[in-house]
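In: next input, structure requested:
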Amino acid sequence: MKLAKFEKKIPKKVFSVLKKRGFEELRPCQTKSINKGLFKDKNLLVCTPTASGKTLVAELAILNAIFHDKGKIIYVVPLRALASEKYKDFKKLYEKHFRIAISSGDIDSADSYLARYNLIITTSEKLDSLLRHRAHWISQVKVVVLDEIHLLTDPSRGPTLEILITVLRKLLPKLQIIGLSATIGNPKELAKWLSAELVLDHWRPVRLDKGVYLHDEIEFK
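Out: This is a model prediction of the structure:
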């Protein structure tokens, strides 16, 4: 859908950034997220296919938190490698607009230097450390993005992530949570637990065909 049709629903500064980046259209999950309250501080659980535009939904929440609500954002990923990747991507896109930090090391501390940054990219294990050390800047957090939120069911990472979400919601009653995933088996139940609006869509940029390979031939359904 044309970006211009959503101009009245998108804060001016956020809309300006999108235009400068060359966006002319929004993908289905992005328009659904806006309509379900992205800019009204609603919690969202975005469950759509890979490459469908989920990351931009998170970016819109980030920009809104910084430009409108004057708060910090924590972007939580499951792996250090993914944290480094997101850090590089966001630095390239938004370094001129706000300050970005990455905190994913083994040192168990409050990392007080993070108070100087707007967007903090970290892993769930590192965020657990920051909370246990009572990092003073946590009270300024407006949005938490949970990438690959389906890992709540992972035996090794799930319990930590679940506790983090519970603690953050208790510490920050006005926190906006943006959960992102391409594979959630029970999206309605998870959305209810998060008190989130559920954004479901099956659109993908490249068609996905399923078939069976047998005797050097593929038979598609």
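In: roughly how far does the residue lying farthest from the centre of the chain sit from Asp209?
Out: Most distant from the centre of the chain: His215, at 42.9 Å, with distances by C-alpha atoms, centre = their mean. Applying C-beta to C-beta, to the nearest Å, the value for His215 to Asp209 is 19 Å. For the C-beta atoms, the positions are set from N, CA and C on the backbone; glycine is no exception.
In: again with Arg134
Out: 51 Å.
In: what are the contacting residues of the helix or strand where Val76 lies?
Out: Per DSSP states H and E: Val76 is located in strand 72-77. Here strand 72-77 makes contact (C-beta atoms under 8 Å, 6 or more residues apart in numbering) with 58, 61-62, 65-66, 83, 86, 90, 117-124, 127, 137, 140-148, 161, 164.
In: go again with 7 Å.
Out: 62, 65, 83, 86, 118-124, 127, 137, 140-148 (C-beta atoms under 7 Å, 6 or more residues apart in numbering).
In: now, of these, which are buried?
Out: 62, 65, 83, 86, 118-124, 127, 137, 141-148 (16 or more other C-beta atoms under 10 Å).
In: from Ala61, how far off is Lys19?
Out: Relative to Ala61, and taking C-beta to C-beta, Lys19 is found at 18 Å.
In: can you report phi and psi for the residue positioned nearest the centre of the chain?
Out: Residue closest to the average C-alpha location in the chain (C-alpha atoms, centre = their mean): Val145, at 3.5 Å. Main-chain dihedrals, Val145, degrees, to the nearest 10: phi -100, psi 130.
In: before we move on, what about Ile184?
Out: phi -120, psi 120.
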